[in-house]
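**Q** pasting the structure only:
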């Protein structure tokens, strides 16, 4: 008999499964894909020469304030030896422009003072022109932020700062784009929370760590083994078609290539993507109440993101960093040199003398044709890494996905939370409204831990977080 069925085997679902299984609950994880990890997952692929590798949906940075993600990883890697510290978070722009975030003080606001002191994109006079109200909003993040700024778009907020164009581009645009939402349809309050979480409200700094191996080998395969040892059952390649209350329990209907089946569970965690969650709620008319169902159906996905991995016949310059953000070079948002990140690509590069380079574009307008996106990305790559201009692409993998959550202006108040109107039904994922600053992988894991705590009716896994209020909010300014 299943105590808890978890729909979705991404980070949120696995985080919930981990806490529940450690407390002796019988857990079943149902995942549509044949692999775990959701949007952070990795699947087996093969190059034309027969070389196996794991393909992913793009580079992921492990920021040091990802406290909950790191707690999940410690289940299978107590010392976090699979992570490698990076030296910088550089941003490249047109004409050789560059911003570095290495060596900044970790304590706000000293980090901001030092960044402004050494940047070439704005001076003291420019800084004095920034409206006081907008600056205060950055340093005074708190629960009030959404009430005051959620109706405004991130683009309008950034425009209101009146930064010089190059400073706006190099210091802000790369980070605004990193949350997958185009600035014009991204809540200014959500952007302010991200500034607080990543730079202005944490003591860890902006520099991050990366995985030494592909995501599947580094985390999801060991975590699956860890959970199976604790009795968790996995149904991979299986879709959850319907969830229905059945007295004090739930009946869950699933389907797979081998056929359909029915499950009985005392509780359910729906840890799905936004499209998956909306579809399941639509097919499960007895779940929740009318207002909750409307809020779920109101969730949006943002514009597509593109991932283009290229196997080149020659190396990039040896001094290239593993990862750089980019701004002002077309659609290109960042470049990763994979042989400098993980072992599979490193082995290929050493054997062939080439490089494995990955290009990302976030918030791509859905009407731009694929060929145009690729041409734009390649132009951006040549602009920031000129040595790649004469390289031959030996092999490539192209992904264009449209399933990341949208955070449009005015959406925060009705965004569903981990708790639902049904005490034994929880949501988990990076789309939920959460009362602690977090984003992306960290919000997914934190919400999964929270879902498990709710179902256990006690806090068995504390949910760590950066301060809930910025410096000026704590001082009541």
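**A** Happy to help now that I have it. Values in this document were obtained by computation on a predicted structure and should not be read as measured data.

**Q** Tell me how far whichever helix in the chain runs longest lies from the chain's centre.
**A** Among the elements of the chain assigned as helix by DSSP state H, the one spanning the most residues is helix 440-456. Relative to its parent chain, helix 440-456 has a centroid offset of 15 Å by CA atoms, centre = their mean, to the nearest Å.

**Q** And it, what does it pack against?
**A** When contacts are defined as 3 or more CB pairs under 8 Å, 6 or more residues apart in numbering; DSSP states H and E, helix 440-456 sits against helix 11-22, helix 67-73, strand 259-270, strand 425-427. Every residue, glycine included, has its C-beta placed from N, CA and C.

**Q** Quick check: mean pLDDT of it?
**A** Model confidence over helix 440-456, given as mean pLDDT, is 98.

**Q** swap in stretch 128-137?
**A** pLDDT averaged over stretch 128-137 gives 86.

**Q** try stretch 179-191
**A** Mean predicted confidence for stretch 179-191 is 93.

**Q** Please tell me how far residue 294 sits from residue 162.
**A** Using CB to CB, to the nearest Å, residue 294 is found at 39 Å from residue 162.

**Q** again, but for residue 23
**A** Distance from residue 23 to residue 162, by CB to CB: 53 Å.

**Q** For the next helix-or-strand element following the longest helix of the chain, which helices and strands make contact with it?
**A** Next helix or strand after helix 440-456 toward the C-terminus (DSSP states H and E): helix 471-474. With contacts defined as 3+ CB pairs under 8 Å, 6+ apart, helix 471-474 has these neighbours: helix 132-139.

**Q** Nearest residue to residue 452 in space, please, no chain neighbours.
**A** residue 19 (3.6 Å; CB to CB, 6 or more residues apart in numbering).

**Q** okay but the one you found is in contact with residue 462, surely?
**A** No. With contact defined as CB atoms under 8 Å, residue 19 does not reach residue 462; the gap is 10.5 Å.

**Q** Which one's more surrounded, these two?
**A** residue 19 (23 against 11; other CB atoms under 10 Å).

**Q** What residues does that one make contact with?
**A** By CB atoms under 8 Å, 6 or more residues apart in numbering, the contact list for residue 19 reads 448, 449, 452, 453, 456, 460, 461.

**Q** do you know how far it is from residue 2?
**A** In terms of CB to CB, residue 19 sits 16 Å off from residue 2.

**Q** Low-confidence regions, the stretch 301-450 of the chain specifically.
**A** Within the stretch 301-450 of the chain, no range satisfies pLDDT under 70.

**Q** got the residue ranges for the helices in it?
**A** 343-352, 370-384, 440-456 (DSSP state H, counting those that start in this stretch).

**Q** And those: which comes nearest residue 130?
**A** helix 440-456 (27.5 Å; CB to CB).

**Q** Quick one: work out the angle between the closest one and helix 11-22.
**A** 40 degrees (axes from the mean of the first three to the mean of the last three CA atoms, to 10 degrees).

**Q** Okay, angle between helix 440-456 and strand 259-270 too, please.
**A** 90 degrees.

**Q** And helix 440-456, what's buried?
**A** 440-456 (16 or more other CB atoms under 10 Å).

**Q** same check, this time on stretch 24-36
**A** 25, 26, 27, 28, 29, 30, 31, 32, 33, 35, 36.

**Q** Enumerate the beta-bridge partners assigned to the spatially closest residue to residue 119 that is not a sequence neighbour.
**A** Spatially, and ignoring its direct neighbours in sequence, residue 119 is nearest to residue 99 (6.4 Å; CB to CB, 6+ apart). Beta bridges link residue 99 to residue 91 when assigned by DSSP bridges.

**Q** Against residue 130, how distant is the residue nearest to residue 452?
**A** 44 Å.

**Q** just residue 216 next, same as before
**A** Residue 216 is 45 Å from residue 130, by CB to CB.

**Q** correct me, but the residue nearest to residue 119 touches residue 169?
**A** No. Applying CB under 8 Å as the test, residue 99 and residue 169 come out as separate, 9.8 Å apart.

**Q** what do the two both touch?
**A** Joint contacts of residue 99 and residue 169 (CB under 8 Å, 6+ apart) are residue 93.

**Q** more crowded one of these two?
**A** More neighbours surround residue 99 than the other of residue 99 and residue 169, with 23 against 20 (other CB under 10 Å).

**Q** Okay, helices next: where are they in the stretch 101-250 of the chain?
**A** Under DSSP H, counting those that start in this stretch, the stretch 101-250 of the chain gives helices at 110-118, 124-129, 132-139, 144-149, 154-160, 165-168, 174-177, 188-195, 215, 221-229.

**Q** okay, those helices in a markdown table with distance to residue 397 next?
**A** Shown next, in a markdown table, are the helices of the stretch 101-250 of the chain (distance: least, CB to CB, whole Å):
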| stretch | distance to residue 397 |
| --- | --- |
| helix 110-118 | 36 |
| helix 124-129 | 42 |
| helix 132-139 | 38 |
| helix 144-149 | 38 |
| helix 154-160 | 30 |
| helix 165-168 | 33 |
| helix 174-177 | 22 |
| helix 188-195 | 29 |
| helix 215 | 15 |
| helix 221-229 | 20 |
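
**Q** out of those, nearest to residue 359?
**A** helix 174-177 (13.4 Å).

**Q** quick one: contacts of that closest one?
**A** 91, 154, 158, 183, 186, 191, 194-195, 198, 325-327, 333-334, 362-363.

**Q** nearest to residue 79, of these?
**A** residue 198 (24.8 Å).

**Q** now the closest one: how far from residue 172?
**A** 12 Å.

**Q** Looking only at neighbour counts, state which of these two leads.
**A** The residue with more neighbours, out of residue 198 and residue 172, is residue 198; 24 against 19, by other CB under 10 Å.

**Q** thinking the more buried one is in contact with residue 63, fair?
**A** Yes. Assessed by CB under 8 Å, residue 198 is found in contact with residue 63 at 6.7 Å.

**Q** Would you mind grabbing the residues shared as contacts by these two?
**A** residue 206.

**Q** How many residues are close by residue 243?
**A** Quick note: residue 243 (other CB under 10 Å) scores 25 neighbours.

**Q** Distance of residue 182 relative to residue 137?
**A** 21 Å.

**Q** cool, and residue 370?
**A** From residue 370 to residue 137 the distance is 38 Å (CB to CB).

**Q** list the contacts for the closest residue to residue 394 other than its chain neighbours?
**A** Using CB to CB, 6+ apart and skipping the chain neighbours, the partner closest in space to residue 394 is residue 311 (4.6 Å). When contacts are counted by CB under 8 Å, 6+ apart, residue 311 touches 47, 348, 354, 355, 356, 393, 394, 395, 396.
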